[in-house]
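Undergrad: how does the following fold in three dimensions:
(3 chains, ligands or ions: 4)
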Amino acid sequence: MATEVAVAPGHHEDEPDHMANYLIAARGVKSWLVTLDHKRIGVMYLASVILAFFMGGMFALLVRLELLTPGRTIMGAATYNRVFTLHGAVMVFLFIIPSIPAAMGNFILPLMLGAKDVAFPRLNLLSFYIYVVGALFSLFSIISGAVDTGWTFYTPYSTTSSSSVVSMTLGVFILGFSSILTGLNFLVTIHKMRAPGLHWRRLPLFVWGMYATSVMQVLATPVLAITLALLAMEKVLGLGIFDASLGGDPVLFQHFFWFYSHPAVYIMIVPGMAIVSELFATFSRRAIVGYFAVAMSSLGLALLGFLVWGHHMFTSGQSEFSTMLFSALTMLVAIPSGVKVFNWTLTLYKGSIWLTTPMLYALSFLVLFTIGGLTGLFLGTLSTDIHLHDTYFVVAHFHYVMMGGTVMGFLGGLLYWWPKITGKMYDESLAKVSWFFVFVGFNAVFIVQFIMGSRGMPRRYYDYVPEFRPYHQFSTVGSWILAVGFFILAYVLVKSLRSGAKAPPNPWGSAGFEWNTATPPIMQNFAVTPTITRGPYDYHEATEEELWDGFPEDFKKSEP
Amino acid sequence: MSSATTTEASHGAHAEAHGHHPPFLQHHFDTPAHQFDAAKMGMWIFICTEILMFGGLFVAYGLFRGREPEIFHLAHERLDKIMGAANTIVLLFSSLTAALAVRQSQVGDRKGTTRWLIITLLCACVFLVVKYFEYTHKFHDGLLPGTHFRAHLPAYAHHGHTLPYRAHMFFALYFMMTGLHGVHVLVGMGILTWVLKRNLRGEISKEYFTPVEIGALYWHLVDLVWIYLFPLLYLVG
Amino acid sequence: MNTEPTMQLPGQWSTFGVGYDWLFYFIYWLSVVLFVAVVGAALYFVVKYRRRPGVKSEPTGHYLLLEIGWTVSPLILLVMLFHWGFAGYVSLTAPPPDALDIRVRARKWSWDFEYPNGGHSQDELHVPVGRPVRLILSSEDVIHAMYIPGFRVKRDAVPGSYSTLWFEATHVGRTRYFCAEYCGAAEQPVHEADGTDRYTGHFSMNGWVNIHPVDGPAAESVSGENTWRSGWASYLENVLRAPIDPATGHEVTPAQWGELLYARNQCNTCHSVNGSAMTGPTWQHMFGQNVDLADGTHVLVDENYVRESILQPAVKVVRGFNPVMPSYQGSLTDRQLDALIAYIRTLR
Ligand code: HEA
Ligand code: HEA
Ligand code: CUA
Ligand SMILES: [Cu+2]
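TA: Ligands and ions are numbered 1, 2, ... in the order given. Reported below is the predicted structural model:
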């Protein structure tokens, strides 16, 4: 093993040993806090986003609990407004946007590229601390009265609300810079840090996804930053840009906001798709069908993502011409998404499909994202959106794509790379049980929301008319099933950390490049810069030894 | 370790990764040129980000100006074209001096680099001083944004004229745009000071002038934004 | 045309609903077909090609024709969808020239409807059947949205500008409307006399759209949930008048009417009549007293002051309260103002 390599001459005592397992190469809390190692930064991000997800999830459970009965169940109306706002804001800004790129991208991307680190390790650590500071500002807003504006901060509500909007927008503003720096770092890394032989046509699809995501992060996030700066100034100085009574335009805020936040939804989904592409290849033991089309569709989504923001504003009174244009462009987005879905499905054909938990999550992604995406069509079609806008139909749509899409991809990736990250295996059968609860619970929560939404239940409602009661109750019970699933998963992961079996270098027999390192990887990833001689999915070129190196014998026997 | 895609690990390789590296070369880059390319590309991408950030303000400006061109025209006459023009010249000149600093660092002239960096920084100070006078003058005239706007009141009449109240929108944009630009000037000064410090410490050489190049690139951005702000706010209105 | 809800959609009350529902269900079945095709194929493959000893996966080939096929054929479907959606939308934005105009003013958290004859109703919209109606929406504070699921229409009411929405109801009866743009909630609930709490906010900005027959019984003879039964002309006439007391057959007294208006105009969300201060001062023992104002002066509460407070609440602000009360200028008739004042007098 690489850890046994002798310390090189001239090596300082306090410097981490570059040939040692990254988890133990340097010890102590401080060595983590000042680390420049992309893997450790990735792990710190991972812990933070899981914490954020837990927090957002608890807010979600409160939302569902309050909606169990019409009228007051556990909290007052003003509190409810704060809870759903925090749920949305925490989930979006603290969890889902950094989740896959910053946590897993940081860990895996350089490994896939055969690089020793990302291009700018210091910037990487800086972006983590910016994330922490941004998160603290957002948390401060929770303590100081929380925000009640909805995660969209629409003016003039947000400029007149007495809740702590300024610290929340400031927090999100700061978080934006963390996201920009991560994107910038990845772009340069992908361009400049590829190992010899890793030309663009051999780039893993995960890397292509990260590339498209980074482009969006770099180009869309600054617009959010300036929008939030204007919002904060509006509140503090009475600027008037968004205030109709001062000659400003409240709807301009919506344009600015969605100019960022629509690309942001692709910042969320494209990394999920990127992970799922890896999972489909590994667990079908077959190259993704239409590699080039799948890679390009990520870029297609990134490009089209910038042109459709107006579809969130069909009822706001923009000109008919722009509604027409936005609706037409929105339709086009279905095409690259469809390319992905169809290619994944065909990858299964004549594969050798291994139903591990990560693969179950990948298949869940396929099923749930298709539902979420197809319901997006109801919203992109102009006249149908008029009725559905701001109802639970929209709520169900975006949970199907964000939770059913990105979060499924995140969980699949988490379990898939867990052995590489921690060096430990997890309990596969208990993980399957947790998957079952998550899958069933999730559908129970949100399927009924489609029905009540199209039947006219508006969103952000504390109270509702009696005819919606059965739907809400079904949904709330579903959220408990879902929560049980997550708690089992948390147990599985904690158990693996404490007493998991030692993981072999390549537990899934994958041909992906990231598995060509030690498990867990050494501090500088590769003892020697690798030279890439085949694509990441060339199962039929990879040698048996390469695929199953260090694999437990009894597992290997079950392999054809 | 698997090996079909990697060459054999060896102890010697480890030494190679650390041994004869120049001190400025970070361990994850192969060559200085590699490191330089990466840094430069990073700065270019960051500049794209910055342009989009200002882009939001330019769009807002275009929109409100399109709605009330006459009022914007009236309001822009209250800006001091002389001071604006002076600042434009100062910034353009500082861009030149920043480029000269890069040039000198590339040929290994440490003193020359220091000199041009200091001149660039001085220009930046001049710019800020002029801006300070402009701002205080605006404050004094009640030309403040939004709810703080006073220039429509008779007490603030200028040559016997008051501005219509809606002119506050122009000043809202004026202060946001020049304010954000001012923040960039400050950040740019910070970066140049850091470059200067490294140069004085002797860390910059003919082989390694990346910080100077990157710092200057950022400074050109600061200049570029002003090149758009000046005509939009001071000349066209 | 029917008003029975289907599985996915609420009952259908407007001319627009027919085409809408058709398009909705078209996309629905299209989605079902695509979903079953994709997921069905995936599940079939998962079972058929599951990992088995001795069976290897086949290398991936090239499927250029398929790739082109599934890139281009969705395009055709999507163009169709876009076209129908846009056509529907256009008809939704172009009201017929003879539409009946109703002015709709939204504010936190109530709606004011003004009819062509100058009459107003609060939180209950009344429209005639079989006639195009155009709502002209505006807002006094933040963005709200008028959403009538039964008509399949929705439009934002944005402060500082007017927006319009039109429909033609096809049935007599009532259907709900909602506020569909988030607009906050009161920090504190109202404590009702019966001990319950009533919360107000975005979620409570809803009510009924009453669709009146063109001819029908006189407005006085129907009440409560049945107001929609009265003839449209009779309703319009009635909005200008005090309600009829069923016991006497005459108009109620001004003070009684004032008490009704107190509830109907949502004064009760901010003013109590039992002495407890809410968002606004209580009305108990208010009339005839001197109150301290925020600017340090004080004023006697008489008819003129009350009238001024209702029409221009920001002019004289009571000490200890925020100037958040909306102006009722234009939404209360003189007679209604008199009635409110009469009611407030009785509370002293
Ligand atoms: C991960 C995030 C994510 C993703 C990927 C998407 C994907 C899509 N979204 Fe969604 N959306 C959100 C997150 C996301 N959305 C959020 C958060 C909101 C609400 C925000 C708020 O208001 O709070 C929202 C709201 C929203 C609206 C505004 C609704 C309203 O408020 O009125 C619209 C309208 O057009 C829309 C459309 C779409 C479309 C067309 C897609 C498409 O990309 C989907 C494409 C995919 C498919 C179509 C399925 C697979 C394809 C096939 C199987 C091929 C065959 C298909 C055909 C031939 C049709 N979305
Ligand atoms: C990533 C985005 C995301 C995710 C994952 C979720 C997840 C959930 N959301 Fe979310 N939701 C939003 C984003 C998201 N939501 C947004 C943007 C809004 C709009 C807000 C607005 O209107 O402003 C919204 C609004 C919203 C509403 C509408 C409120 C309203 O309009 O009044 C509802 C109602 O049911 C709801 C419910 C839920 C539920 C039950 C979950 C559940 O799926 C949550 C389940 C999660 C848990 C129970 C956590 C368990 C975690 C652990 C135990 C830790 C261990 C974890 C690991 C090991 C990984 N959400
Ligand atoms: Cu008014 Cu929501
Ligand atoms: Cu969108």
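
Undergrad: need the nearest residue in space to C:Pro59, chain neighbours excluded.
TA: Using C-beta to C-beta, 6 or more residues apart in numbering or on different chains and skipping the chain neighbours, the partner closest in space to C:Pro59 is A:His540 (4.8 Å). Where you see a C-beta, it was placed from the backbone N, CA and C, and this is true even at glycine.

Undergrad: ok, now C:Arg131?
TA: Among residues not flanking C:Arg131 along the chain, C:Leu100 sits closest, at 5.9 Å (C-beta to C-beta, 6+ apart).

Undergrad: for C:Arg155, give me phi and psi.
TA: Main-chain torsions, C:Arg155, degrees, to the nearest 10: phi -160, psi 140.

Undergrad: OK, contacts around it?
TA: Shown in contact with C:Arg155 (C-beta atoms under 8 Å, 6 or more residues apart in numbering or on different chains): A:315, A:317, C:135, C:137, C:145-146, C:163-165.

Undergrad: reformat the residues you listed as JSON lines; add pLDDT, secondary structure and distance to A:Ile421.
TA: JSON lines is the format used below for the contacts of C:Arg155 (pLDDT from 0 to 100; DSSP: H, G, I helix; E, B strand; the rest coil; distance: C-beta to C-beta, whole Å):
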{"residue": "A:Thr315", "pLDDT": "92", "secondary structure": "coil", "distance to A:Ile421": "45"}
{"residue": "A:Gly317", "pLDDT": "81", "secondary structure": "coil", "distance to A:Ile421": "49"}
{"residue": "C:Leu135", "pLDDT": "95", "secondary structure": "strand", "distance to A:Ile421": "57"}
{"residue": "C:Leu137", "pLDDT": "95", "secondary structure": "strand", "distance to A:Ile421": "54"}
{"residue": "C:Ala145", "pLDDT": "96", "secondary structure": "strand", "distance to A:Ile421": "46"}
{"residue": "C:Met146", "pLDDT": "96", "secondary structure": "strand", "distance to A:Ile421": "52"}
{"residue": "C:Ser163", "pLDDT": "93", "secondary structure": "strand", "distance to A:Ile421": "52"}
{"residue": "C:Thr164", "pLDDT": "93", "secondary structure": "strand", "distance to A:Ile421": "57"}
{"residue": "C:Leu165", "pLDDT": "93", "secondary structure": "strand", "distance to A:Ile421": "54"}
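
Undergrad: want to throw those residues into a markdown table with neighbour count and distance to A:Phe173?
TA: Listed next are those as a markdown table, based on neighbours: other C-beta atoms under 10 Å in any protein chain shown; distance: C-beta to C-beta, whole Å:
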| residue | neighbour count | distance to A:Phe173 |
| --- | --- | --- |
| A:Thr315 | 23 | 28 |
| A:Gly317 | 18 | 28 |
| C:Leu135 | 25 | 38 |
| C:Leu137 | 23 | 33 |
| C:Ala145 | 27 | 28 |
| C:Met146 | 26 | 33 |
| C:Ser163 | 19 | 31 |
| C:Thr164 | 16 | 36 |
| C:Leu165 | 25 | 36 |
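
Undergrad: between the residues you listed, which is nearest B:Val183?
TA: Using C-beta to C-beta, A:Gly317 is the member of the contacts of C:Arg155 that lies nearest B:Val183, at 34.4 Å.

Undergrad: the closest one and chain C, how far apart?
TA: 5 Å (C-beta to the nearest C-beta, to the nearest Å).

Undergrad: for that residue, what are its contacts?
TA: Per C-beta under 8 Å, 6+ apart, neighbours of A:Gly317: A:251, C:155-156, C:158, C:161, C:163.

Undergrad: tell me the two of those residues that are most distant?
TA: Once C-beta to C-beta is applied, these give A:Val251 and C:Arg155 as the farthest pair, at 12.9 Å.

Undergrad: the contacts of C:Arg155: which ones sit near ligand 3?
TA: With the criterion set as C-beta under 6 Å from any ligand atom, no member of the contacts of C:Arg155 is near ligand 3.

Undergrad: from the contacts of A:Gly317, pick the one nearest A:Thr69.
TA: For the contacts of A:Gly317, the residue nearest A:Thr69 by C-beta to C-beta is C:Asp156; the value is 30.0 Å.

Undergrad: the contacts of C:Arg155 into a markdown table, with extra columns for distance to A:Tyr426?
TA: Below are the contacts of C:Arg155 laid out as a markdown table (distance: C-beta to C-beta, whole Å):
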| residue | distance to A:Tyr426 |
| --- | --- |
| A:Thr315 | 47 |
| A:Gly317 | 52 |
| C:Leu135 | 58 |
| C:Leu137 | 56 |
| C:Ala145 | 47 |
| C:Met146 | 52 |
| C:Ser163 | 55 |
| C:Thr164 | 59 |
| C:Leu165 | 55 |
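
Undergrad: closest to ligand 1 out of those?
TA: Among those, A:Thr315 lies closest to ligand 1 (C-beta to the nearest ligand atom), at 7.3 Å.

Undergrad: Three-state assignment for the residue lying closest to A:Thr406 once chain neighbours are set aside, please.
TA: Once flanking residues are discounted, A:Thr406 sits nearest to A:Gly272: 3.9 Å by C-beta to C-beta, 6+ apart. Under DSSP: H, G, I helix; E, B strand; the rest coil, A:Gly272 falls in the helix class.

Undergrad: count of neighbours near A:Gly272?
TA: If you count neighbours by other C-beta atoms under 10 Å in any protein chain shown, A:Gly272 ends up with 28.

Undergrad: and it, how far from A:Gly376?
TA: Per C-beta to C-beta, to the nearest Å, A:Gly272 is found 15 Å from A:Gly376.

Undergrad: show me what contacts the residue nearest to C:Arg131?
TA: Going by C-beta under 8 Å, 6+ apart, C:Leu100 touches C:116, C:127-128, C:131-134.

Undergrad: identify the bridge partners of it.
TA: Beta-bridge partners for C:Leu100, by DSSP bridges, are C:Val133.

Undergrad: before we move on, back to that, quick check: the residue nearest to A:Thr406 touching A:Ile100?
TA: Yes. If you go by C-beta atoms under 8 Å, A:Gly272 and A:Ile100 touch, sitting 6.4 Å apart.

Undergrad: run through the helices of the stretch 51-200 of chain A in chain order.
TA: In the stretch 51-200 of chain A, the helices defined using DSSP state H, counting those that start in this stretch lie at A:77-89, A:97-98, A:106-113, A:121-143, A:157-160, A:165-192.

Undergrad: out of those, flag the one nearest ligand 3.
TA: Ligand 3 lies closest, by C-beta to the nearest ligand atom, to one member of these: helix A:157-160, at 9.1 Å.

Undergrad: tell me where the stretch 51-200 of chain C has strands.
TA: With DSSP state E, counting those that start in this stretch as the criterion, the stretch 51-200 of chain C has strands at C:100-107, C:110-114, C:120-122, C:124-128, C:132-139, C:144-148, C:153-157, C:163-168, C:173-179, C:190-191, C:197-198.

Undergrad: with chain B instead?
TA: Counting by DSSP state E, chain B has no strands to list.
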